[in-house]
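Q: Need a 3D model of the following:
(one chain, ligands or ions: 2)
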Amino acid sequence: MRGLSVILPAYNEGEMIPMIAGELEKELTKEKIPYEIIFVSDGSCDDTWEKIEQEAKRSRRIRGLELSRNFGKDAAIFAGLAQAKMDAAAVMDCDLQHPIEALVRMYRIWESGSQIVEGVKKDRGREGAVHREGARWFYKILSRALHVEMENTSDFKLLDRKVVESVLRMPEQHLFFRAISSWVGYQTAQVEYEVGKRQRGESKWKMSSLISYGFRNIVAFTTVPLQFVTVGGVACLICSVILGIYSLIRYFQGQAVEGYTTLLMVLLVVGSGVMISLGIIGFYIGKIYEEVRRRPRYLISRMTASEKTQEEERF
Ligand code: UDP
Ligand code: MG
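A: Ligands and ions are numbered 1, 2, ... in the order given. Got it, this is the predicted structure:
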């Protein structure tokens, strides 16, 4: 169906739902773009679901589903993509940080032939220096590993039907929309946008969760930490050969040094190196375990009425 599906993952965004639905409707109608709006409540514990239902009752073009618990933004995005029916599907945040004006520009670029149109943040000005540097390294590592440029990209993206199908075919349990949608390739165009201010509520990110998010995704998409283990091992080997030869020479010269401190230092350094390496390898094994279990990536607990009838028709 010619038109645009807008997918909005929402976690405790009760206040935002009517606001963003209204703005989207106004703008897309003005631009004469056929559309549907799909809200995915990611196990919210406020009135997000009630608000989604209200909106769905008000307009046939608005639908919604709720996940059985908080599965994370990426799972919510995938759940929404699986329901999209139009020829283009766009993912955007619920907090109006992604401007609707940029969404319209993306749609126009898609119409002229690009299969992926990604939103690129104009600047990350509001973030602190540590956050900015961390993000730069994170994307540098991922870009290298995936052989695609990912710097400054966000989840604000518009995908052609073909791309949506490719993305949904990815079998992995660990969902990271930004990287998966870059990895699939296709003709990609970019649109710069100014990150808006969150209108209501608060961001769900804390520093600790950002670090863990970064590490989990690097492990899921690259083998860079394992290469660190190997490089560390080789560096240790070189040091030990040099130190070994040096100690032997001293020994034969009859000048063996007093050993306690040296021995303790070496033991501690090597010991902690081994433990860290084991930790990294263990993390990978954990990830493999999660992947082989093949659990569903998300569970849908309820859908709005229109969504249900369409779903029933299909089966
Ligand atoms: N979100 C979600 N599940 C989560 C966390 C966030 O669906 O577990 C949604 C949230 O409702 C919002 C979008 O993801 O629509 C971006 O979240 P947020 O604004 O907290 O992140 P930031 O803009 O600070 O990166
Ligand atoms: Mg936000």
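Q: Now the residue nearest the centre of the chain: closest residue in space, sequence neighbours ignored.
A: Central residue of the chain (C-alpha atoms, centre = their mean): residue 176, 3.8 Å from the mean position. Closest residue to residue 176 apart from its sequence neighbours, by C-beta to C-beta, 6 or more residues apart in numbering: residue 217 at 5.0 Å. All C-beta atoms are positioned from the backbone trio N, CA, C, and that covers glycine.
Q: For the helix or strand hosting the one you found, buried residues please.
A: In this structure, residue 217 sits in helix 207-221 according to DSSP states H and E. Using 16 or more other C-beta atoms under 10 Å as the test for burial, helix 207-221 gives 214, 217-221.
Q: Show me what it is packed against.
A: The contact analysis (3 or more C-beta pairs under 8 Å, 6 or more residues apart in numbering; DSSP states H and E) places helix 207-221 against helix 129-146, helix 177-183, helix 224-252, helix 260-293.
Q: what does the first one rub up against?
A: If I follow you right, that is helix 129-146. For helix 129-146, contacts defined as C-beta atoms under 8 Å, 6 or more residues apart in numbering pick out 124, 127, 149-153, 179, 182-183, 207, 210-211, 214, 217-218, 221-224.
Q: Can you check my assumption that residue 27 lies in a helix?
A: Yes: judged by DSSP: H, G, I helix; E, B strand; the rest coil, residue 27 forms part of a helix.
Q: per-residue pLDDT, it?
A: Looking at residue 27, its pLDDT is 89.
Q: With the one 3 residues further on instead?
A: Residue 30 is assigned 88 on the pLDDT scale.
Q: Count the neighbours of it for me.
A: 9 (other C-beta atoms under 10 Å).
Q: Ramachandran angles for it?
A: The phi/psi pair for residue 30 (degrees, to the nearest 10) reads phi -60, psi -40.
Q: for the residue nearest to residue 303 when sequence neighbours are not counted, helix, strand, or coil?
A: Setting aside the residues directly before and after it, residue 303 is nearest to residue 65 in space (C-beta to C-beta, 6+ apart), at 4.6 Å. What three-state DSSP gives for residue 65 is strand.
Q: you'd agree residue 65 is up against residue 298?
A: No: between residue 65 and residue 298 there is no contact under C-beta atoms under 8 Å: 9.8 Å.
Q: if I look at these two, which residues touch both of them?
A: What both residue 65 and residue 298 touch, as defined by C-beta under 8 Å, 6+ apart, is the set residue 79.
Q: Low-confidence ranges, the stretch 51-200 of the chain, go.
A: Regions of the stretch 51-200 of the chain meeting the criterion pLDDT under 70 cover residues 124-127, 198-200.
Q: any idea where the strands of it begin and end?
A: 62-67, 88-91, 116-121, 153-160, 188-193 (DSSP state E, counting those that start in this stretch).
Q: Which one of those lies nearest to ligand 1?
A: Of all the strands of the stretch 51-200 of the chain, it is strand 153-160 that lies closest to ligand 1, at 7.6 Å by C-beta to the nearest ligand atom.
Q: Spell out whether that closest one and ligand 2 are in contact.
A: No: using C-beta under 5 Å from the ion, strand 153-160 stays clear of ligand 2, with a minimum separation of 9.9 Å.
Q: Which residues does that strand contact?
A: Strand 153-160 is contacted from outside by 4, 73, 77, 81, 87-93, 98, 102-103, 106-107, 109-110, 114-121, 139, 167, 177-178, 181-182, 186, 193, using C-beta under 8 Å, 6+ apart.
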